[in-house]
Structures are given as C-alpha cells and as structure tokens.
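> would you be able to build a 3D model of this:
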Amino acid sequence: MMSDTGILEIAVVIAFLALALGQIMSMVRLVLGPTSGDRILALDTMVINALGLVIVLGIHQGVQIYFEIALLIAMLGFVSTVALARFLLRGNIIE
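The predicted model follows:
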C-alpha cells in the first residue's frame with residue numbers, strides 16, 4: 001500500500017504536468033490568435049495556469065510564501081486583464 005506522501009507526490013507531478021501543458025497551449029493561442037479577444041483570453045488563462053503552478057510548487061516544497069505570491073499574481077492578473085480589455089474596447093483605461 002502506498003503512503004499518503006507517495007500519493008501526494010504523484011498528484012503534484014500530474015498537476016504540474018497538466019498545468020504546464022495548459023500553459024503551452026495558451027501560449028500557442030496567444031501567438032496564433034486570430035483576434036485580440038482570443039489573445040486577451042489566452043493571457044488570462046496563462047495567468048491562471050501560472051497561479052496553479054505556483055500553488056503546486058508551494059504544496060511540493062511545503063513553503064507558505066508561495067501562497068502569498070499566488071494571491072499577488074491573482075490580483076495583478078485580474079487588474080491587467082481588465083485594463084487590457086478596456087484599452088482595446090475604449091482606447092483608454094482611465095476615464
């Protein structure tokens with residue numbers, strides 16, 4: 001029977017691989033694009049994948065600072081996505 005630590009390590013590796021694959025697929029969508037909406041959505045997905053990668057790394061290493069970094073990434077990702085979308089739709093960010 002596997003120990004809980006062994007199962008956790010396998011789950012972390014699977015999660016890391018899935019998030020890395022998602023990140024690569026988002027990069028492809030960012031480059032190929034065809035519209036600016038697709039590129040914005042790809043950037044937002046890349047932020048979410050990066051957030052997941054940081055959290056999985058924090059679980060793997062057992063360090064809590066990664067979870068605070070994940071909060072910062074989430075806040076900056078949300079604000080940057082909204083700002084970019086407003087810029088593309090209206091031509092300015094601040095009214």
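> I'd like the average pLDDT over the lengthiest helix in the chain.
With secondary structure taken from DSSP state H, the chain has its longest helix at helix 4-32. Average pLDDT, helix 4-32: 93.
> same question for stretch 40-58.
94.
> which residues touch it?
12, 15-16, 19-20, 22-23, 26-27, 29-30, 33, 64-67, 69-70, 73-74, 76-77, 80-81, 84-85, 88 (Cβ atoms under 8 Å, 6 or more residues apart in numbering). (Glycine included, C-beta is placed from N, CA and C.)
> ChimeraX command for the buried members of those?
Selection of buried members from the contacts of stretch 40-58 for ChimeraX, criterion 16 or more other Cβ atoms under 10 Å:
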select :15,16,19,22,23,26,29,30,66,69,70,73,77,84,85
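> quick check: next helix or strand after the longest helix of the chain?
helix 36-61 (DSSP states H and E).
> next SSE after that following helix?
Trace forward from helix 36-61 with DSSP H and E and the next one is helix 65-90.
> if we can go back for a sec, off-centre distance for the longest helix of the chain?
10 Å (Cα atoms, centre = their mean, to the nearest Å).
> kindly report the same for stretch 77-95.
Using Cα atoms, centre = their mean, the offset of stretch 77-95 from its chain centre is 19 Å.
> now do that stretch, average pLDDT.
83.
> would you put the C-alpha positions of it in PDB?
C-alpha atoms of stretch 77-95 as PDB (Å, rounded to 0.1, in the frame of the first residue of the first chain):
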ATOM      1  CA  GLY A  77      -3.700  39.200 -13.400                       C
ATOM      2  CA  PHE A  78      -7.200  40.300 -12.800                       C
ATOM      3  CA  VAL A  79      -6.400  44.000 -13.000                       C
ATOM      4  CA  SER A  80      -4.200  43.600 -16.000                       C
ATOM      5  CA  THR A  81      -6.800  41.700 -17.900                       C
ATOM      6  CA  VAL A  82      -9.500  44.300 -17.100                       C
ATOM      7  CA  ALA A  83      -7.200  47.100 -18.100                       C
ATOM      8  CA  LEU A  84      -6.200  45.500 -21.400                       C
ATOM      9  CA  ALA A  85      -9.800  44.700 -22.300                       C
ATOM     10  CA  ARG A  86     -10.900  48.300 -21.500                       C
ATOM     11  CA  PHE A  87      -8.000  49.600 -23.600                       C
ATOM     12  CA  LEU A  88      -8.900  47.500 -26.600                       C
ATOM     13  CA  LEU A  89     -12.600  48.300 -26.300                       C
ATOM     14  CA  ARG A  90     -12.500  52.000 -25.500                       C
ATOM     15  CA  GLY A  91      -9.000  53.200 -26.300                       C
ATOM     16  CA  ASN A  92      -8.300  54.400 -22.800                       C
ATOM     17  CA  ILE A  93      -8.000  52.800 -19.400                       C
ATOM     18  CA  ILE A  94      -8.800  55.700 -17.000                       C
ATOM     19  CA  GLU A  95     -11.800  57.800 -17.700                       C
END
